[in-house]
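Enquirer: no sequence for this one, just the structure:
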């Protein structure tokens, strides 16, 4: 890992400590080694760096392609362990790269909604994260984030918003294979989002009630 990664990590830790009141619950649920697919709700651009410093291991992010168009931002984001994905279409290159990250025994972070929620509530998820989990058989680690939606404007700098990163227990997809039916993909996508919803207050759950996860045993 480059010196840039370590310097940036320390800087981000200091900034969150000074400017927010952040709590992490369930850190013991993060596997210390081996492949894991981390899925979380997405409220703010601060979510990736927040997860990057709250988890006890280095993570790789799948980020929207638009963030890589600038040479400066592309260098910055890649040094932090991100790679691009084209939203709105099947990006086979990104899927292959995600599969390789997991095959190498690393931790991959994805935001199944595909973009930031504008109202802080869960939006209907895209199937990408479920597809990757089903193909790889990798354990899925759900995380619920609250409070980062308050990081906007300038007043948050003095208000020090309360942030919560609630880490659930990892669970396995029902089966692994190169092909999954549409129904299997929809069902597992709903299950993944249900597990995230269970880690959020009711007002954040939006399209998901959290009951979906309890209906399916793995």
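Expert: That came through, no problem. Being a predicted model, the structure only gives us computed values, none of them experimental.
Enquirer: C-alpha from now on. contacts and neighbour counts both.
Expert: OK.
Enquirer: Give me the below-cutoff pLDDT ranges for the chain.
Expert: 1, 88-89, 176-179, 210-218 (pLDDT under 70).
Enquirer: other SSEs contacting whichever strand or helix holds residue 142?
Expert: Using DSSP states H and E, residue 142 maps to strand 140-146. On a contact count with 3 or more C-alpha pairs under 8 Å, 6 or more residues apart in numbering; DSSP states H and E, strand 140-146 meets strand 36-40, strand 162-167, helix 182-197.
Enquirer: now the strands for the chain?
Expert: 21-25, 36-40, 59-64, 82-85, 107-110, 140-146, 162-167 (DSSP state E).
Enquirer: As CSV, the ones you listed with mean neighbour count and distance to residue 190 would be great.
Expert: Listed next are the strands of the chain as CSV, based on neighbours: other C-alpha atoms under 10 Å; distance: least, C-alpha to C-alpha, whole Å:
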stretch, mean neighbour count, distance to residue 190
strand 21-25, 14, 23
strand 36-40, 26, 13
strand 59-64, 21, 20
strand 82-85, 21, 22
strand 107-110, 24, 15
strand 140-146, 25, 13
strand 162-167, 20, 18
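Enquirer: So which of those strands is nearest residue 11?
Expert: Of all these, strand 21-25 sits nearest to residue 11, with 15.4 Å by C-alpha to C-alpha.
Enquirer: Listing partners with orientation, what would you give for the closest one?
Expert: Its sheet considered, strand 21-25 pairs with strand 162-167 (parallel) by DSSP bridges.
Enquirer: For the partner strand, which outside residues touch it?
Expert: Strand 162-167 is contacted from outside by 20-27, 29-30, 51, 54, 141-148, 199-200, using C-alpha atoms under 8 Å, 6 or more residues apart in numbering.
Enquirer: Kindly report the same for stretch 6-15.
Expert: So stretch 6-15 is in contact with 49, 50, 52, 53, going by C-alpha under 8 Å, 6+ apart.
Enquirer: got the residues you listed as a markdown table, with neighbour count and distance to residue 124 columns?
Expert: Converted to a markdown table, those look like this (neighbours: other C-alpha atoms under 10 Å; distance: C-alpha to C-alpha, whole Å):
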| residue | neighbour count | distance to residue 124 |
| --- | --- | --- |
| 49 | 16 | 23 |
| 50 | 20 | 23 |
| 52 | 20 | 24 |
| 53 | 16 | 27 |
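Enquirer: Now flag whichever of those residues is closest to residue 41.
Expert: Among the contacts of stretch 6-15, and counting by C-alpha to C-alpha, the member closest to residue 41 is residue 50, at 12.4 Å.
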